[in-house]
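J.: Just a sequence and a predicted model for now, questions to come.
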Amino acid sequence: MRWEAREAPLLHHRALFIYDEVMKAFIQSYKGKGDYRLHGAFAHLLAGQLPKNAVLVPLTSEPSHLRARGFDPVLGLFGQLRIARWLTKGDTDLPQAQKDRHGRLQTPQSFSATLPRGHARIRQVILLDDLYTTGRTLYHARNALRDAGYQGKVTSFSLIR
């Protein structure tokens, strides 16, 4: 199923790395094995990739994953940047990593957004994630911002795609 048929408009996305064998190994060590020491591995590269005038909104972990892992991978990767925690993610039945493509695309909305006062003056939000596979979580996050009343431009950025 193509995004053009499901979501309008499409979400503009940029990533720093391609999801190759090296990046698979990185994600497995960082998220799968919980090696938090890796959180700053790309900090020097990430800082120069994002415009200064946009609000950076990370896609945070769901509570059960945070408890199990002991850290939030996205906050670890992007925590050195000036981020705005507008999104909250509820628990889902199964982690995205344990689903196939079809299962990921069928994942129900689990984000809610709380916008700050004056959000109408903010022209651009960039959603931040560690890994883009199907884009489902990014579209859910964008939709949560829209449902909360944000009307500006929303784009996304991930470390890996």
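T.: That came in fine, so what should we check first?
J.: CA only for contacts and neighbour counts going forward, please
T.: OK.
J.: Report how many residues lie close to Leu145.
T.: 22 (other CA atoms under 10 Å).
J.: so where does it fall, helix or strand?
T.: Using DSSP states H and E, Leu145 sits in helix 136-148.
J.: any idea which helix or strand carries the spatially most central residue of the chain?
T.: In the chain, the centroid-proximal residue (CA atoms, centre = their mean) is Asp129; its distance is 2.7 Å. Per DSSP H and E, Asp129 falls inside strand 124-131.
J.: List the pairing partners of that strand within its sheet, with orientation.
T.: Strand 124-131 has the following sheet partners, assigned by DSSP bridges: strand 55-58 (parallel), strand 153-160 (parallel).
J.: mind listing the strands for the chain?
T.: 13-17, 55-58, 87-89, 111-113, 124-131, 153-160 (DSSP state E).
J.: want to throw these into JSON lines with mean pLDDT?
T.: Shown next, in JSON lines, are those (pLDDT from 0 to 100):
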{"stretch": "strand 13-17", "mean pLDDT": "97"}
{"stretch": "strand 55-58", "mean pLDDT": "98"}
{"stretch": "strand 87-89", "mean pLDDT": "96"}
{"stretch": "strand 111-113", "mean pLDDT": "96"}
{"stretch": "strand 124-131", "mean pLDDT": "98"}
{"stretch": "strand 153-160", "mean pLDDT": "98"}
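J.: so can I have TSV of the ones you listed showing distance to Leu38?
T.: Output for those, formatted as TSV (distance: least, CA to CA, whole Å):
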stretch	distance to Leu38
strand 13-17	16
strand 55-58	18
strand 87-89	23
strand 111-113	26
strand 124-131	12
strand 153-160	13
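J.: For His65, find the nearest of the ones you listed.
T.: strand 87-89 (10.5 Å; CA to CA).
J.: which helices and strands does that closest one pack with?
T.: strand 111-113, helix 136-148 (3 or more CA pairs under 8 Å, 6 or more residues apart in numbering; DSSP states H and E).
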